[in-house]
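Participant: Just a sequence and a predicted model for now, questions to come.
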Amino acid sequence: MADIGFIGLGNMGGPMAANLVQAGHRVRGFDLVPAAVEAAAARGIAAAASAAEAVQGAEAVITMLPAGEQVRAAYLGEARGEGGLIAAAGPDSLLIDSSTIDVASAREVHEAAAAAGHPMLDAPVSGGVAGAEAATLTFMCGGPDAAFARARPLLEVMGRNIVHAGGPGNGQAAKVCNNMILGVSMLACAEAFTLGEKLGLDPKKLFEISSVSSGSCWAMLHHNPVPGIVETSAANRDYRPGFAAAMMHKDLKLSQTAASQAGAATPLGAAATALYTVFVNAGNGALDYSAIVKLIRGE
């Protein structure tokens, strides 16, 4: 069993760390929010007074943080490599960042880790809080083959689908591309079901047809924005989030940052980003991302 330092014990990190403990690993964790540390301690994670203390002597370090700024600060420290996790971790400690961040930041941290002799993966996840609790997450991993081989047994404790997407930063690239598809798909579903209703078409009949036809997609089948069609959809729970609109907004913005840096044209991604910006700025960020149907309906 491994000694693991886990930084970021919030809605995603807390249950991920708990699943590692349940599998027999020794996990020491830290979070800036005391309540998150307390909740994690109740699930068997040993509480650390700081991030540096959490990773001392750890064979593997896992981070689940909000954005690239926090990831760079955590790993590189205030003096770029002095005082951060890269400096605090023991020799040859495996570093795994499961945050969803911009590709450029991921590659910057990879470079610093490699220079210090640490194997590293960027390994963002898909599956939300429910997937974190049930250990059914999908991990999209970027980094060297050897780092992926070392990380896989740990990732398999927390997830069901573990995919090596390629070199450093490719995990983040896969995540932003995937979620851009999801955001655009949800908007297409919201528009189509709204149009169907205005034309007098029963949304259940549209689903019956489209779910087995060329218009079928993951968003429609699993997160349908219309209540009463898909049992698991947040639409049946007043749009209480499985995947919050604010998180979709964040991921779409990351996709547009990546597109700009790569010189790629993503007009549908840009339109989706603009619509989620309007929706979130109107105070709807805490609703499920499928609630964007309210904006399409003019509600």
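Facilitator: Nice, thanks for sending it over.

Participant: hey, let's count contacts and neighbours off CA atoms from now on
Facilitator: Will do.

Participant: residue ranges of the strands in the stretch 151-299 of the chain, please?
Facilitator: 159-166 (DSSP state E, counting those that start in this stretch).

Participant: His71 against Gly84, yeah?
Facilitator: Quick fix: residue 71 reads Val, not His. No: shown here, Val71 and Gly84 do not form a contact pair, counting by C-alpha atoms under 8 Å, at 9.9 Å.

Participant: Those two: which is more packed in?
Facilitator: Val71 (24 against 20; other C-alpha atoms under 10 Å).

Participant: Tell me which residue of this protein is furthest from the middle?
Facilitator: Here the chain reaches farthest from its C-alpha mean at Gly200, the gap being 37.9 Å by C-alpha atoms, centre = their mean.

Participant: Look up how far Ala89 lies from it.
Facilitator: 62 Å (C-alpha to C-alpha, to the nearest Å).

Participant: and what of Leu221?
Facilitator: 43 Å.

Participant: More neighbours: the two, which one.
Facilitator: The neighbour comparison of Leu221 against Ala89 (other C-alpha under 10 Å) goes to Ala89, with 25 against 17.

Participant: Pretty sure Glu53 is one of the things the more buried one touches, is it not?
Facilitator: No: counting by C-alpha under 8 Å, Ala89 does not reach Glu53; the two are 9.2 Å apart.

Participant: residues contacting the residue farthest from the centre of the chain?
Facilitator: If a contact means C-alpha atoms under 8 Å, 6 or more residues apart in numbering, then Gly200 has no contacts.

Participant: what's around Glu197, how many residues?
Facilitator: The burial count for Glu197: 12, using other C-alpha under 10 Å.

Participant: go on, the one 5 residues further on?
Facilitator: Burial measure for Asp202: 13 neighbouring residues, criterion other C-alpha under 10 Å.

Participant: which residues sit in contact with the closest residue to it other than its chain neighbours?
Facilitator: Counting by C-alpha to C-alpha, 6 or more residues apart in numbering, Asp202 lies nearest to Gly196, which is 7.3 Å off, once chain neighbours are set aside. By C-alpha under 8 Å, 6+ apart, the contact set of Gly196 is Asp202, Pro203, Leu206.

Participant: Any idea how many residues pack against Gly159?
Facilitator: When neighbours are counted by other C-alpha under 10 Å, Gly159 comes out with 23.

Participant: can you check Leu268 too?
Facilitator: Applying other C-alpha under 10 Å, we find 14 residues neighbouring Leu268.

Participant: Which single one of the contacts of Gly196 is nearest to Ser185?
Facilitator: Nearest to Ser185 among those: Leu206, at 15.8 Å, using C-alpha to C-alpha.

Participant: My read is that the closest one contacts Phe193, right?
Facilitator: Yes: using C-alpha under 8 Å, Leu206 makes contact with Phe193 at a distance of 7.4 Å.
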